[in-house]
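# Dropping the sequence and predicted coords here.
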Amino acid sequence: MDTLQNMRVFVRVVDAGSFTSAAQQMGMTTAHVSRAVADLERHLRTRLLNRTTRRIALTEAGERYLLRCQQIMSYVEEAEAEAGAAYVKPSGRLRIHAMTSFGQRYVIPAISGYQKRYPDVAVELTLAQRIPDMLEEGYDVSLVLARELPDSGLIFRQLGSTFSMLCASPAYIDKYGAPQKPADLANHACLQLVSPVSPLDEWVLEGPEGGSATVVKSNFQVNVAEAMLAAIREGMGVGVLPIYSAVDPLRAGTIVRVLPQHRMQHMGVYALYPSRQYLDAKISTWVDWMHESVDKALQEDHQALERIGTLREEMQGIVTAQEHTS
């Protein structure tokens, strides 16, 4: 028995004043309406209506039950309106996961802009170097970097792409020299950035001559790009940095790029979320917002890296010309 539906029928019968009028209003047969009320009375073991051929009247128990039914119907309508509004208007708490360095560079600025447009959304951001179990941990959206996504059953949208590079401090290069080809890395201190999406024991470099895998050994490993940047600045060796962690210190000249014609760890940037159907407005608008803002920010960082490379080549050309002149 559908108790909630039978309660609706009971309230409509009382409001309409007859089974026939209630049936017409609800698009049912009179027999269906009469049976719904009878089923409700049988379930409650209480007579709710006294019936004659011309009119109906509430019993004392029916009057009390009607009041409760009206309250319940009001709560149901409010709940339905609230749930329906979530599909239309972004509001409530948005739980986001993002990988640490990526989140600091791109996600936090994006949240700032998003909340200015959608002030009714409260954001809970978790930064962690892993791909979470979204259903188990209750995240609405996870922002991850990966060469390819595992078959998880989640919905995904690619927001852009990025890559990493090798960097060192100017002091380290002055002391030990710069490697000229990937094989030269065997003679350098290599700093390993531990990542859930990249192998630890080898560096795969893509360059003009194609791809090459270099087995590396190191006495230093770290799992956060900001910590790797600090180690590189200290002159500890040659380390891997994603573009979004490297571009500002490269521009400032506190680090330099090693093997600048080579790239590593080319990965897609993805937004993962549980379902496409009846997607909550705060999730759909956030994914749209990230697609626009992250793609723009990634392109700006890529362009900045190209300008840094061009400037570096120009400066080397000037130095070479001066050496030839002298």
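Nice, I can see it. Numbering: from 1, shown residues only.
# Show residues contacting stretch 41-51.
The contact list for stretch 41-51, computed with C-beta atoms under 8 Å, 6 or more residues apart in numbering, reads 1, 3, 6, 10, 13-14, 37, 40, 56-59, 61-62, 65-66. Bear in mind the C-beta positions are built from the backbone N, C-alpha and C, glycine included.
# For G17, give me its contacts.
55-56.
# Flag every buried residue along stretch 297-308.
When burial is assessed from 16 or more other C-beta atoms under 10 Å, stretch 297-308 yields the following buried residues: 297-298, 301-302, 305, 308.
# Check those residues against A227 and report the nearest one.
Out of those, the one with the shortest distance to A227 is D301. That distance is 19.9 Å, counting by C-beta to C-beta.
# quick one: contacts for the residue lying closest to the closest one once chain neighbours are set aside?
When the adjacent residues along the chain are set aside, D301 lies closest to V247, with 4.9 Å between them (C-beta to C-beta, 6 or more residues apart in numbering). Counting by C-beta under 8 Å, 6+ apart, V247 makes contact with 301, 304-305, 308.
# picking that back up, from the contacts of stretch 41-51, which single one is nearest G177?
Among the contacts of stretch 41-51, T3 lies closest to G177 (C-beta to C-beta), at 81.1 Å.
# wait, the closest one sits on L40?
Yes. With contact taken as C-beta atoms under 8 Å, T3 and L40 are classed as touching, separated by 7.3 Å.
# Between the two, point out the one with more neighbours.
Under the criterion of other C-beta atoms under 10 Å, the comparison of T3 against L40 puts L40 first, with 21 against 12.
# which two from the contacts of stretch 41-51 end up farthest apart in space?
Of all pairs in the contacts of stretch 41-51, the most separated under C-beta to C-beta is M1 and A57 at 24.2 Å.
# Tell me if the residue nearest to D301 really is in a strand.
No. Counting by DSSP: H, G, I helix; E, B strand; the rest coil, one finds V247 to be helix, located in no strand.
# For F10, see how far away it is.
68 Å (C-beta to C-beta, to the nearest Å).
# what do you get for V287?
When C-beta to C-beta is applied, the distance between V287 and F10 equals 44 Å.
# for the residue lying closest to G237 once chain neighbours are set aside, what are its contacts?
For G237, the nearest residue in space outside its immediate sequence neighbours is A189; the separation is 3.1 Å by C-beta to C-beta, 6+ apart. For A189, the contact set (C-beta under 8 Å, 6+ apart) comprises 176, 218-220, 236-238.
# Same check on E202?
With contact set as C-beta under 8 Å, 6+ apart, E202 has these partners: 213-216.
# Show me the residues you listed that map onto strands.
Using DSSP state E to define strands, the subset of those located there is 213-215.
# hang on, the earlier thing: in helices, which of the contacts of A189 fall?
Y176 (DSSP state H).
# tell me the phi and psi of P274?
phi -70, psi -40 (degrees, to the nearest 10).
# Over to Y270?
For Y270, the backbone dihedrals are phi -130, psi 150 (criterion: degrees, to the nearest 10).
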